[in-house]
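*Asks:* For reference, the sequence and a predicted model appear below.
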Amino acid sequence: MNQHRSSPIRPVAPDDIPALKRIIDATDMFPSEMLDEMIAGFFNDENNGEIWLTYDTADDEARDMGKAKAVAYCRPEEMTDRTWNLLLIAVHPDCQGEGIGAALMSHMENHLVAHGQRVLIVETSGTAALARTREFYRLCQYDQESRIRDYYEDGDDKITFRKALQG
């Protein structure tokens, strides 16, 4: 008998935090201790519509051992009409190239479309170290919309990508 396997993508739970910090540390996204403050509102009534997702193994035993492979976070942009900003997507380096990031992006986009949202933007650095990240967004059919020179620091531009979610 075939068992229906649920999606490996699900909302983040408080027990996921240690595994998510390991992903953030492994990808050197930002200091992982910042995650506690970033995600605190998601677990209470202050989440303002934020979406936090993780991609992990489907069985509960592995999940208990902290097997989350990726994390994604987006929130609505203030003072806009149904525009969202993807502020974090990270896949553990041991799992990169397996389609996990693309699956998270697709899941996030489908959720936003189903809820009538218009646009998803993502911002990243223009450094050579993040060339692969920028290519990932292009492969996910995002268009580069802007470059702000020396945004993060001298020589580190901010690149903004955009995808229309409706029509």
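*Replies:* Perfect, thanks for sending it.
*Asks:* longest single strand anywhere in the protein?
*Replies:* Secondary structure of the chain read by DSSP state E shows that its longest strand is strand 143-153.
*Asks:* ok, that one: who's next to it in the sheet?
*Replies:* Each strand that pairs with strand 143-153, with its direction, by DSSP bridges: strand 156-164 (antiparallel).
*Asks:* quick one: contacts of the partner strand?
*Replies:* The set of residues external to strand 156-164 that reach it, using C-beta atoms under 8 Å, 6 or more residues apart in numbering, is 109, 118-127, 134, 137-138, 140-152. (Each C-beta comes from the backbone N, C-alpha and C, glycine too.)
*Asks:* Quickly note the distance from the nearest residue in space to I89 that is not next to it in sequence to R149.
*Replies:* Of all residues not flanking I89 in the chain, A72 sits nearest, at 4.5 Å (C-beta to C-beta, 6 or more residues apart in numbering). When C-beta to C-beta, to the nearest Å is applied, the distance between A72 and R149 equals 28 Å.
*Asks:* Check V119 too.
*Replies:* Applying C-beta to C-beta, one obtains 24 Å for the distance of V119 from R149.
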